[in-house]
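Participant: Any chance you can model this:
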Amino acid sequence: MSKILILTNHSYMLYRFRLELIQELMKSHEVVLSMPFVGHEEDFQALGLRCIETDIDRRGIDPATDLKLFRTYQRLLKKERPDLVITYSIKPNIYGGLACRMAGIPYCANVQGLGTAFQRKGLAQFVTVLYKLALGKAKTVFFENRANAEEFCRRGILSAEKETVLSGAGINLERYPYVPYPENEAVRFLYLGRIMREKGMDELFAAMRKLREKFGAGVVLDIVGFYDDEGYKAQVEELAAEGIAVYHGFQSDPAPYYAAADCVVLPSYHEGMSNVLLEAAATGRPVITSDIPGCREAVENGKTGLLCIAGDSESLYTQMARVAEISPATRQAMGQAAHEKMLREFDKRLVVEETISALFK
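Facilitator: This next block holds a predicted model:
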């Protein structure tokens, strides 16, 4: 039985979005996980997986810390001697990829979005060089949307034949089945995710204040997630005190919050493929999101949801007001169409099949 080593920066995210793939790989391979322990590592272990705790500074750019991670991966490869390595997120992709390349071990990387690294010019040039070195010998590199794959081609990081574009991580339609549309007195918008500037918090809060001026108590924002930027805590508390928002904190099971929502809102600046949009749509909820790669693919504008201009609070307000003004029956029909789109295009089983096919071609 061959051994597959998976390198990632977040045990919780790996469990939530890649569990089905890992379970399929376990049928024919020994699978070992290397990751920071931030949730669900015990669930992985209960499945019979060996988990190696690996510290990663996900956001820092300290060269000494990153060099330490690279050397950690070198030692890990020497000890485990895997037949194939799969990496997720930027630092495992780069430092795990470099370590695999130097050791002559086959590896495949997953680019789950371009993130802030490609938003800042100087950093983007540096990351481009690192990615060229790290991914030069990869078997294939998985992308969650076509635009990100084309960006890597444009930068000369990869050739097109080494790219595999998937429908994100896909959506488990058994875990997120269609749920009957709620009968709320007020129109409940839901934001679910990390609370940080790049998710469009400034625009969302500005739009909600304007909506409250127009609709009064007829609109409410439910917020589910943790503070990735503590600077927003005071704003959320103020919105809650004014009755504009309800903060629910981080929730390990988002399903009840999708079920209670009239519409899910994600005004993000950049995404690989938003799992929140896929989960919301599978549940049967219309969505409002930014017209950007990683978001627009999950929406048929005007049919399953609405697209707005990223970073534009007035555009977001306009689309949220449209949803607040249409009838519940129209919103329900949009949600039904969203669910059907997930059935056609984003079924997790199909994504897992495509992934495994590319891993072992």
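Participant: Now the element after the lowest-mean-pLDDT helix or strand in the chain, going C-ward?
Facilitator: Using mean pLDDT, DSSP states H and E, the weakest-scoring helix or strand in the chain turns out to be helix 121-135, at a mean of 84. Using DSSP states H and E, the helix or strand that follows helix 121-135 in sequence is strand 140-143.
Participant: Residues in contact with the next helix or strand after that following strand: which ones?
Facilitator: Sequence-wise, the next helix or strand downstream of strand 140-143 (DSSP H and E) is helix 146-154. Residues outside helix 146-154 that contact it (CB atoms under 8 Å, 6 or more residues apart in numbering) are 111, 113-114, 118, 131, 141, 143, 158-160, 163, 165, 272, 293-294. From N, CA and C alone the C-beta is placed, and that goes for glycine too.
Participant: which one in the residues you listed is the model shakiest on?
Facilitator: Across these, the smallest pLDDT goes to Phe118, namely 68.
Participant: what about Tyr15, neighbour count?
Facilitator: The number of residues packed near Tyr15 is 18, by other CB atoms under 10 Å.
Participant: my guess is it contacts Phe44, does it?
Facilitator: Yes: the criterion here is CB atoms under 8 Å, and Tyr15 meets it with Phe44 at 6.5 Å.
Participant: Just the ones of the contacts of helix 146-154 in helices?
Facilitator: Tyr131 (DSSP state H).
Participant: Which of the contacts of helix 146-154 are buried, as a PyMOL select command?
Facilitator: Remark: buried members of those, expressed as a PyMOL selection using 16 or more other CB atoms under 10 Å:
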select buried, resi 111+113+114+118+131+141+143+158+163+165+272+293+294
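Participant: Taking the contacts of helix 146-154 together, which two end up most distant?
Facilitator: Ser159 and Gly294 (22.3 Å; CB to CB).
Participant: for stretch 196-203, what is the average pLDDT?
Facilitator: Mean predicted lDDT for stretch 196-203 stands at 96.
Participant: Just give the nearest non-adjacent residue to Asp222, would you?
Facilitator: Nearest residue to Asp222, sequence neighbours excluded (CB to CB, 6 or more residues apart in numbering): Leu190, at 4.7 Å.
Participant: One more: Pro267?
Facilitator: Distances taken as CB to CB, 6+ apart put Gly200 closest to Pro267, at 3.0 Å, once the chain neighbours are dropped.
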